[in-house]
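Novice: below are the sequence and a predicted model for it; my questions follow.
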Amino acid sequence: GQQVMQIPQYQHVQEGEDFTTYCNSSTTLSNIQWYKQRPGGHPVFLIQLVKSGEVKKQKRLTFQFGEAKKNSSLHITATQTTDVGTYFCAGGASGQAGTALIFGKGTTLSVSS
Amino acid sequence: ETGVTQSPTHLIKTRGQQVTLRCSSQSGHNTVSWYQQALGQGPQFIFQYYREEENGRGNFPPRFSGLQFPNYSSELNVNALELDDSALYLCASSLKLRASTDTQYFGPGTRLTVL
């Protein structure tokens, strides 16, 4: 079945350093969504990418969707302690009505000040 | 806050018991999806309900079942609980049928512990 893989599993950075997490799918995706889950919390929607090669920015966060629509990345510039949490990518499969999102295992980011 | 509510917040059961978890979707949303999130893992899709009918199912056995009501609220039922069923159960609501392409709004989850 469809799988979505994320690397790295964990990342620790000093405050002010950059951070990147990568997401790869075994199949072509109709879209990719990114979620953030704080410790003890639930996933919160960050963004959705739909078009091949799409790049979107939210303040210090930059999201990319690959040309083949099988990979994506999230880059955070100058991390802050508020960025701590687990970042999940979730893929929507092409041509499958009624299916929900396939989540990766997430990348857990810790930031020390 | 998303407006999606779940109850109860925490639950402890023993092996073999049955459990019912409840979810109220965000106002205006007609689709509810349920996910299981084991510790240290990403959410895994259990099933989705649209207009009171199951509309897509993940790789979970039949002892996981659900309902959606006319007001779009939903229940997740798990029979014959096993230790591996211990997890955070998340409900997510969305507006359209094709939830794989729509933003999903997650509730706070129900933490189930099976002893």
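Specialist: Sure thing, it's come through.
Novice: please make it C-alpha for all contacts and neighbour counts, starting now.
Specialist: OK.
Novice: show me where chain A has strands.
Specialist: Here chain A has its strands, by DSSP state E, at A:4-7, A:10-14, A:19-25, A:29-37, A:44-49, A:55-58, A:61-65, A:71-76, A:85-93, A:102-103, A:107-112.
Novice: among those strands, which is nearest chain B?
Specialist: With Cα to the nearest Cα, the closest approach to chain B among these belongs to strand A:85-93: 4.5 Å.
Novice: export the closest one as PDB, just CAs?
Specialist: What follows is strand A:85-93, C-alpha atoms only, in PDB (Å, rounded to 0.1, in the frame of the first residue of the first chain):
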ATOM      1  CA  GLY A  85       7.000  19.800  18.200                       C
ATOM      2  CA  THR A  86       6.500  17.000  15.700                       C
ATOM      3  CA  TYR A  87       6.000  17.900  12.100                       C
ATOM      4  CA  PHE A  88       4.000  15.500  10.000                       C
ATOM      5  CA  CYS A  89       3.500  15.400   6.300                       C
ATOM      6  CA  ALA A  90       0.300  13.700   5.000                       C
ATOM      7  CA  GLY A  91      -0.400  12.700   1.500                       C
ATOM      8  CA  GLY A  92      -3.600  12.500  -0.400                       C
ATOM      9  CA  ALA A  93      -3.500   9.700  -2.900                       C
END
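Novice: same for that strand, what does it pack against?
Specialist: When contacts are defined as 3 or more Cα pairs under 8 Å, 6 or more residues apart in numbering or on different chains; DSSP states H and E, strand A:85-93 sits against strand A:4-7, strand A:29-37, strand A:102-103, strand A:107-112.
Novice: give me the helix or strand of chain B that scores worst on average pLDDT.
Specialist: strand B:53-57 (a mean of 87; mean pLDDT, DSSP states H and E).
Novice: can you point out the buried residues in that strand?
Specialist: B:Glu54, B:Asn55, B:Gly56, B:Arg57 (16 or more other Cα atoms under 10 Å in any protein chain shown).
Novice: so which of these comes closest to A:Ser112?
Specialist: B:Arg57 (40.6 Å; Cα to Cα).
Novice: up against chain A, what does chain B have?
Specialist: For chain B, the residues in contact with chain A (Cα under 8 Å from any Cα of the partner chain) are B:33, B:40-45, B:47-48, B:55-57, B:90, B:97-101, B:103-109.
Novice: do you know the pLDDT at residue 93?
Specialist: Using chain A. What the model reports for A:Ala93 is a pLDDT of 63.
Novice: not what I meant, chain B
Specialist: 90.
Novice: who does it form a beta bridge with?
Specialist: B:Val32, B:Tyr105 (DSSP bridges).
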